[in-house]
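Q: pasting the sequence and the predicted model now:
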Amino acid sequence: MRGDTQSPVDSRWIALLVAGAFFMENLDGTVITTAVPDIAHSFGVAPLALNIGVSAYLLTLGVLIPSSGWVAQRFGARRVFAAALAIFTLASVLCGLADSLAEFVWLRVLQGAGGAMMVPVGRLVVLNNTPKERLINVIATLTWPALVAPVLGPPVGGFITSYASWRWIFFLNLPLGLVALALAWWLIPDKRAAEKRPFDWPGFLLSGSALLLLTWGAEIVGGQNPDWTEAAVCMGLGVVLLAALGWHLRRAAHPLIDLSSFAIPTFSITIIGGSLFRMAIGAVPFLLPLMFQLGFGLNAFHSGMLVIAVFAGNLMMKPATTPILRRFGFKPVILANGVANVLSLAACALLTPATPVWLIAAVLFVGGLTRSMQFSALNTIAFADVPQPRIAAANTLFSTAFQVALGLGIALGATGVRLGHWAARQLGIGDLPAISYRLAFLVVALVSLLGLLDAWKLAPQAGERVARGAGG
């Protein structure tokens with residue numbers, strides 16, 4: 001068993017382990033999208049009925065993530081992370097063995113329960129075992145799963161379904177999960193908080209209900225024929241419950257989510273402006289395949305190959321992230337790179353079926369570069385000034401906001417398409433190829449631009465300690 005004191009080498013290994021677990025969890029959220037027709041055929045149901053399987057997973061994440069901080073402090077981050085890996089892996093195997101839609105849905109709920117603890121607790125493990133001066137390096141490692149998995153998920157799922165069976169999508173998690181479980185027990189120190197806080201049941205019920213309604217509303221908006229009244233009711237009630245949650249958390253003696261981290265400027269921008277950026281990025285994997293397949297007439301394979309250019313950009317930026325942030329500092333990079341990201345999103349509105357493939361790939365590649373940098377910069381500066389005793393509370397708040405933003409990204413993309421369709425009719429350009437999707441990218445770019453307003457409030461030297469030590 002490892003000791004409680006971790007060397008820098010150990011912290012890097014922990015970051016790689018957690019990044020691998022994140023990748024497995026993120027991939028599972030998107031990989032089944034292309035396998036839906038085959039899964040539906042196996043269960044003898046219509047493909048649209050499988051949407052509940054995808055939704056059940058996301059809804060479970062939204063409900064349980066707010067409690068992750070309390071659970072980790074009460075039982076120890078190593079035990080909770082290892083248990084989450086075990087639950088997620090077991091549920092994956094059982095999903096592959098499911099014989100009916102009802103079985104599959106309940107097992108996706110179980111899988112979501114594992115994922116809800118695995119991601120935030122895994123990030124907490126890394127933050128607790130990484131000195132501030134190494135934060136950029138490890139956060140860059142944790143960033144790539146959230147960027148890469150949504151891009152690779154659909155083509156990987158399509159490949160496995162076409163050449164093997166949809167069940168192997170879930171079976172492949174078994175060896176990965178077992179290896180990760182063994183490494184988690186070996187690498188992660190066994191630490192638990194000395195103080196045992198009571199569980200905040202009112203906060204849990206309010207947060208779970210609010211996030212459940214907001215996520216479900218986003219799922220409705222992202223569907224093929226959304227019921228706008230139902231979506232509006234869900235979103236409206238979700239916002240009301242969020243307001244009630246905020247009122248409760250400010251008055252509770254032991255709140256489930258501690259809001260005091262909002263007083264730290266470098267943290268608050270990642271929750272407010274950063275959430276708008278994540279919403280915009282969450283819309284991209286939804287919009288690109290639709291534009292390429294329904295708008296440009298490409299098949300799923302060629303569409304997937306183009307989208308891999310985003311993945312290439314993500315990977316190419318990773319080695320440069322630390323030197324760039326160290327050389328220029330957080331505020332200049334977040335602002336300049338944020339503008340470049342907005343322009344790359346807006347450039348997608350100029351693409352047409354006649355655009356050369358190399359130019360489409362170049363636009364997507366630049367988008368991948370800028371998104372990777374922005375994710376790493378925002379996710380690192382979030383914890384740059386958070387004192388170590390408040391890391392767990394800040395991580396719970398960060399993880400909750402992160403999950404909500406990514407979930408609302410699909411709703412943003414779907415809303416953008418419908419706004420684009422309306423605008424095209426009003427402007428008399430409805431006959432232009434893929435115009436609804438192209439205009440949707442302008443909506444997404446605008447949301448990403450609004451997310452930069454918070455960054456202007458940063459002090460010029462914000463995050464300097466982390467940036468200075470990044471090369472150490």
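A: That came in fine, so what should we check first? Numbers count the residues shown, from 1 in each chain.

Q: who are the packing partners of the longest helix seen in the chain?
A: With secondary structure taken from DSSP state H, the chain has its longest helix at helix 391-427. Secondary-structure packing of helix 391-427 (3 or more CB pairs under 8 Å, 6 or more residues apart in numbering; DSSP states H and E): helix 51-64, helix 68-75, helix 101-128, helix 201-222, helix 265-271, helix 273-290, helix 435-450. In this view, the C-beta of every residue, glycine as well, is placed from N, C-alpha and C.

Q: any buried residues in it, and which?
A: Residues 391-417, 420-421, 423-424 are the ones in helix 391-427 that count as buried (16 or more other CB atoms under 10 Å).

Q: low-confidence stretches in the stretch 1-150 of the chain?
A: Flagging of the stretch 1-150 of the chain using pLDDT under 70 yields the residue ranges 1-10, 29-30, 33-34, 47-48, 146.

Q: ok, the closest residue to Val93 other than its chain neighbours - contacts?
A: Among residues not flanking Val93 along the chain, Leu174 sits closest, at 5.4 Å (CB to CB, 6 or more residues apart in numbering). The contact partners of Leu174, taken as CB atoms under 8 Å, 6 or more residues apart in numbering, are 89, 92-93.

Q: what would those look like in JSON lines with neighbour count?
A: Listed next are the contacts of Leu174 as JSON lines, based on neighbours: other CB atoms under 10 Å:
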{"residue": "Thr89", "neighbour count": "23"}
{"residue": "Ser92", "neighbour count": "24"}
{"residue": "Val93", "neighbour count": "16"}
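
Q: helices - which of the residues you listed land there?
A: Taking DSSP H as the definition of helices, the contacts of Leu174 contribute 89, 92-93.

Q: Leu290 against Ala414, yeah?
A: No. Using CB atoms under 8 Å, Leu290 makes no contact with Ala414, being 9.4 Å away.

Q: what residues does stretch 313-322 touch?
A: Contact partners of stretch 313-322, identified using CB under 8 Å, 6+ apart, comprise 136-137, 140, 143-144, 147-148, 151, 364-373, 376-377, 470-471.

Q: in PyMOL, how would I select the buried members of those residues?
A: Here is the PyMOL command that selects the buried residues among the contacts of stretch 313-322 (16+ other CB under 10 Å):
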select buried, resi 136+137+140+143+144+147+148+151+364+365+366+367+368+369+370+371+372+373+376+377+470
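
Q: which of the contacts of stretch 313-322 fall within helices?
A: Per DSSP H, the subset of these in helices is 136-137, 140, 143-144, 147-148, 151, 364-373, 376-377.

Q: ok so, going back, pLDDT on the longest helix of the chain, on average?
A: When pLDDT is averaged along helix 391-427, the result is 85.

Q: SS state for Ser261?
A: Judged by DSSP: H, G, I helix; E, B strand; the rest coil, the three-state class of Ser261 is helix.

Q: that one contacts Ala392, doesn't it?
A: No. Using CB under 8 Å, Ser261 is not in contact with Ala392; the gap is 10.6 Å.

Q: tell me the domain ranges of this protein?
A: With domains defined by automatic domain parsing, the chain comprises 1-199, 203-255, 257-472.

Q: end-to-end on the second one?
A: This means domain 203-255. One end of domain 203-255 sits 7 Å from the other (CA to CA, to the nearest Å).

Q: distance from that domain to the middle of the chain?
A: Relative to the centre of its chain, domain 203-255 is centred 18 Å away, using CA atoms, centre = their mean, to the nearest Å.

Q: same question for stretch 329-337.
A: For stretch 329-337, the distance to the chain centre is 22 Å (CA atoms, centre = their mean).

Q: list the buried ones in that stretch?
A: Using 16+ other CB under 10 Å as the test for burial, stretch 329-337 gives 329-331, 333-334, 337.

Q: hey, C-alpha coordinates of it in CSV?
A: C-alpha atoms of stretch 329-337 as CSV (Å, rounded to 0.1, in the frame of the first residue of the first chain):
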residue,chain,number,x,y,z
GLY,A,329,-0.3,33.9,-18.1
PHE,A,330,-3.9,32.8,-17.7
LYS,A,331,-5.9,36.0,-18.4
PRO,A,332,-4.2,36.8,-21.8
VAL,A,333,-4.5,33.2,-22.9
ILE,A,334,-8.1,32.8,-21.9
LEU,A,335,-9.1,36.0,-23.7
ALA,A,336,-7.0,35.6,-26.9
ASN,A,337,-7.7,31.8,-27.2
